[in-house]
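Enquirer: sequence first, predicted coordinates after that:
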Amino acid sequence: MESEESLIAVPIPVSEIGPSVPSPAYPSNYWVNWQIHNSLMNIQSLPESKYVTSSDDDIVKLPKKRGRRPLRPFDPIKKKTEEKDKYWLRSFRSFMKFNYPKIEHTLSTQDKVFLQEYLSPRGKPDKGNKFLSYGKKYKDYLFSHQIFVDQYREWFKSYGQAELSKKCKVGSDLWFVYYDYASKDLFSYSVSKKTEDEHKESEDLLLAKLEENPMMQVIGYYYITAFLRFFENNNANKNNSS
């Protein structure tokens, strides 16, 4: 038997149900609103909160809202997901261009093949390349490789906030929108087992060809090395001219 007292949802402290990602060093209205939103969602998920009572015998069930629940209801910027993907993935790719030679000797053949394709001109989303945009297919391709996941997470933890400060003012709503997305959606991005298997099958075929013709691997290595040197020299010339 339920108590005859009115059913009341008891609020839970925000600190106990906030996002699992550590709070950034600079609080803002966006971050506070996001914490409040999480607390409200938690309260609404309680069994008792489905009902509102005005008296002991008068229980009214709240109407269910139609449509999808917005992922970021307090996002003041309303940036498209692909814009945020493009910013973070381009920033990380630029970082990897300079650091690939430093880690190349530690990589397996499979990781080398992937990174050489990823860092080559054809690895950039563009017309005529393997991917046209920074959408789901491109992200699935990247995050289906553990070497990419490990390198991205390490880069974001070490340089993410500093990199973002180049784009926008630290602590602004725009800063938190981009930080929140990278620290949750991209940092914990998961790929379906089917997609992983498809990429693995494609790479296994390529590795088999490399074993049949080792010169393909040598050519690929010199191709990516020459490209990286050209990229570095081009940037150096720009800096000298300025």
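Expert: Sure, I can see it.
Enquirer: where does pLDDT dip in this structure?
Expert: Scanning the chain for pLDDT under 70 picks out 1-63, 65, 67-78, 193-242.
Enquirer: show me how the record splits it into domains.
Expert: Following automatic domain parsing, the chain resolves into domains at 1-74, 81-241.
Enquirer: pretty sure residue 88 belongs to a helix, no?
Expert: Yes. Assessed with DSSP: H, G, I helix; E, B strand; the rest coil, residue 88 lies in a helix.
Enquirer: can you tell me which residues contact the closest residue in space to it that isn't next to it in sequence?
Expert: Closest residue in space to residue 88, ignoring its immediate chain neighbours: residue 182 at 5.0 Å, by C-beta to C-beta, 6 or more residues apart in numbering. Any C-beta I mention is one placed from the backbone N, CA and C, and that applies to glycine too. Residue 182 makes contact with 84, 88, 156, 160, 164, according to C-beta atoms under 8 Å, 6 or more residues apart in numbering.
Enquirer: quick check: the gap between residue 182 and residue 82.
Expert: 14 Å (C-beta to C-beta, to the nearest Å).
Enquirer: same question for residue 105.
Expert: The spacing between residue 105 and residue 82, counted by C-beta to C-beta, is 35 Å.
Enquirer: ok, those two, which is more surrounded?
Expert: The neighbour count for residue 105 versus residue 82, taken as other C-beta atoms under 10 Å, is higher for residue 82 (15 against 7).
Enquirer: and that one, which helix or strand is it part of?
Expert: helix 81-103 (DSSP states H and E).
Enquirer: residue 131 now?
Expert: Per DSSP H and E, residue 131 falls between elements, in no helix or strand.
Enquirer: that one and residue 137 touch, don't they?
Expert: Yes. Contact criterion C-beta atoms under 8 Å: residue 131 and residue 137 qualify, at 6.2 Å.
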